[in-house]
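K.L.:
fold the stuff below for me.
(chains A and B)
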Amino acid sequence: AQSVSQHNHHVILSEAASLELGCNYSYGGTVNLFWYVQYPGQHLQLLLKYFSGDPLVKGIKGFEAEFIKSKFSFNLRKPSVQWSDTAEYFCAVRPGGYNKLIFGAGTRLAVHP
Amino acid sequence: GAVVSQHPSRVICKSGTSVKIECRSLDFQATTMFWYRQFPKQSLMLMATSNEGSKATYEQGVEKDKFLINHASLTLSTLTVTSAHPEDSSFYICSAQPLAGGGEQFFGPGTRLTVL
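P.N.:
Numbers count the residues shown, from 1 in each chain, chains lettered A, B, ... in the order given. Down below sits the predicted model:
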């Protein structure tokens, strides 16, 4: 079955620290990849997406993610986090030929000032 | 742009009653809308895919007679939880996929259902 794994369930960082959140998926074919963020009390918002082309994609608020096909991974990164990045982050995959998203369990990030 | 609303944001009902949740795309048309359920501290679980003018496609294990979905127009989908029970208490989230776009989904703010 298709699945998405986010290895870090809970991450705590200090401001200015670097962030990397892992995401791996199990599907051998073409995929579209997404990272969504859910700030406290708000709805899910798209951070960035990968459909094709350059495997390093840049999103909003200084986030980026790299698609490594050989590792079935799409890790999210930010060089220097801010307190306002405190949120829950979800990786999602849309397998080729399917019109639905499969979400990972989410990673709760807490950034301390 | 690309705003999705849900109504109500919060509902409390008695066991055995039915509850209707609306999902609207406010500034775009969506042939496809999705309904998710999110349990506390867990991820979103897709319940069904709603296509305008046709029957919804339900995920395995989701009872279609319990969770009725209607997608009557390009901007509105409704989810009705029939004969709700306490175990149906959850956070229900919809998303909408624009007619013209790259397949991205835009999410609503969710509806918190509590069944007493």
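K.L.:
break down the chain into its strands, ranges please.
P.N.:
Picked chain A for this. A:3-5, A:10-14, A:19-21, A:24-26, A:31-38, A:45-50, A:56-58, A:64-68, A:73-78, A:87-95, A:102-103, A:107-112 (DSSP state E).
K.L.:
hmm, no, I was thinking of chain B.
P.N.:
So, for chain B - with DSSP E - the strands run B:4-7, B:10-13, B:19-25, B:30-38, B:44-51, B:57-58, B:67-73, B:76-81, B:90-98, B:106-107, B:111-115.
K.L.:
quick one: closest of those to residue A:22.
P.N.:
When these are compared by Cβ to Cβ, strand B:44-51 sits nearest residue A:22, at 18.6 Å. Placement of C-beta: from N, CA and C, glycine included.
K.L.:
and the closest one, average pLDDT?
P.N.:
For strand B:44-51, mean pLDDT is 92.
K.L.:
what number of residues lie near the residue nearest to residue B:114 when sequence neighbours are not counted?
P.N.:
Residue nearest to residue B:114 in three dimensions, not counting chain neighbours: residue B:12, with 4.6 Å by Cβ to Cβ, 6 or more residues apart in numbering or on different chains. The burial count assigned to residue B:12 is 12, neighbours taken as other Cβ atoms under 10 Å in any protein chain shown.
K.L.:
how near is residue B:12 to chain A?
P.N.:
Going from residue B:12 to chain A by Cβ to the nearest Cβ, to the nearest Å gives 19 Å.
K.L.:
ok, that residue touching residue B:116?
P.N.:
Yes - judged on Cβ atoms under 8 Å, residue B:12 makes contact with residue B:116 at a distance of 6.6 Å.
K.L.:
around chain B, pick out the residues from chain A.
P.N.:
Selection of chain A residues close to chain B by Cβ under 8 Å from any Cβ of the partner chain yields A:32, A:34, A:36, A:42-46, A:49, A:51, A:90, A:94, A:99-106.
K.L.:
are any of these buried, and which?
P.N.:
Buried by 16 or more other Cβ atoms under 10 Å in any protein chain shown: A:32, A:34, A:36, A:43-44, A:46, A:49, A:90, A:94, A:100-106, out of the residues of chain A next to chain B.
K.L.:
just flag the most distant two among the residues you listed.
P.N.:
A:32 and A:43 (20.4 Å).
K.L.:
excluding its backbone neighbours, what's nearest residue A:16?
P.N.:
Nearest one to residue A:16, counting by Cβ to Cβ, 6+ apart, is residue A:80 at 5.0 Å.
K.L.:
contact partners for that neighbour?
P.N.:
Contact analysis of residue A:80 by Cβ atoms under 8 Å, 6 or more residues apart in numbering or on different chains lists A:15-18, A:62.
K.L.:
where's it relative to residue A:89, distance?
P.N.:
Distance, residue A:80 to residue A:89, by Cβ to Cβ, to the nearest Å: 16 Å.
K.L.:
done for today, thanks.
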